[in-house]
Structures are given as C-alpha cells and as structure tokens.
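[1] need a structure here:
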Amino acid sequence: MPSNNNNHGNHSNHILKYKPIQKFLDGVGKEVFHYLGKDKACIIGLGDDGVFYGEGLYAWLKQKGSSVIFTVMDYDCHDLDVSAVRGRKVVVVDNDIITGTSYRSVMQEFAARKEELQ
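    A predicted model of the protein is given here:
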C-alpha cells in the first residue's frame, strides 16, 4: 500500500543533487510549478522509476513553498491513496513516455473514479 509521505522534510532534499533529477526539473519544473500555482497538489510517483523522479519533483516544489504531498502508485492504479489526491491538483510522474500506455491507463482509471477523487 502506498504511503502518503507528507513529512519528508529536509532529508528528501538530497535527491535534488542527482543529475537525472536536475535534468528532469530543468525540463518540466517551471511548467509544473506554474500549473500548480498556489493550489494544493499531490505528486504521484508511478511505478519504480516514477517514484525517483516524483520524489525529486516533490522535494523541489516543497523547497519553493508549494503545498504539495507525495505518494506512490502502481501502473494498475488499484493502490491509489484516494485521500492523497482528493481536492488537489494531481501530477503523475513516470520515468518516460514512449508509447503512452501508462498515461492512458492512469487517465482512464482517474476518469472512472472521478467522483471518488473530487
């Protein structure tokens, strides 16, 4: 079961020193920050590698003062922590987008559970 990791604190900031995280943030960080604005948000690390990049995005957003929490989810979305996403903007982080299969699966699952997630 995924954990709703609200209390990462400064110990998660070490992840920001990794070059792959820096490159990821250089590519999408400003856009995500702009999209979230001052709204409450949830970063979901999808699968194994998505957790790594999601953790980096979470730490970076916390450093910038965003009201954000972090949780994880498997590709089938059945272990989604509904309480983590309810009433929040959601950013799902995967390791890459090659075929878009994971993205479509997650979007279909979220659409099917829309009322539960609001």
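[2] from residue 88, how far out is the closest residue to residue 86 other than its chain neighbours?
    Leaving aside its chain neighbours, residue 86 sits nearest to residue 117 (6.0 Å; criterion: C-beta to C-beta, 6 or more residues apart in numbering). Any C-beta I mention is one placed from the backbone N, CA and C, and that applies to glycine too. From residue 117 across to residue 88, the span is 9 Å (C-beta to C-beta, to the nearest Å).
[3] intersection of neighbour lists for these two?
    Common contact partners of residue 117 and residue 88 (C-beta atoms under 8 Å, 6 or more residues apart in numbering): none.
[4] in the chain, which spans are strands?
    In the chain, the segments counted as strands under DSSP state E are 41-46, 68-73, 89-93.
[5] need the ones you listed in JSON lines (columns: mean neighbour count and mean pLDDT).
    What follows is the strands of the chain, written out as JSON lines (neighbours: other C-beta atoms under 10 Å; pLDDT from 0 to 100):
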{"stretch": "strand 41-46", "mean neighbour count": "24", "mean pLDDT": "95"}
{"stretch": "strand 68-73", "mean neighbour count": "24", "mean pLDDT": "95"}
{"stretch": "strand 89-93", "mean neighbour count": "19", "mean pLDDT": "93"}
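[6] just put those strands in CSV and tack on distance to residue 100.
    Shown next, in CSV, are those (distance: least, C-beta to C-beta, whole Å):
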stretch, distance to residue 100
strand 41-46, 13
strand 68-73, 17
strand 89-93, 13
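[7] closest one to residue 13 among these?
    Smallest distance to residue 13 across these (C-beta to C-beta): 13.0 Å, for strand 68-73.
[8] output that closest one as PDB, restricted to C-alpha atoms.
    Extracted in PDB, the C-alpha atoms of strand 68-73 (Å, rounded to 0.1, in the frame of the first residue of the first chain):
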ATOM      1  CA  VAL A  68       2.300  19.600  -2.000                       C
ATOM      2  CA  ILE A  69       2.300  16.000  -0.800                       C
ATOM      3  CA  PHE A  70       3.800  12.900  -2.300                       C
ATOM      4  CA  THR A  71       2.500   9.300  -2.700                       C
ATOM      5  CA  VAL A  72       3.200   6.400  -5.000                       C
ATOM      6  CA  MET A  73       1.000   4.200  -7.200                       C
END
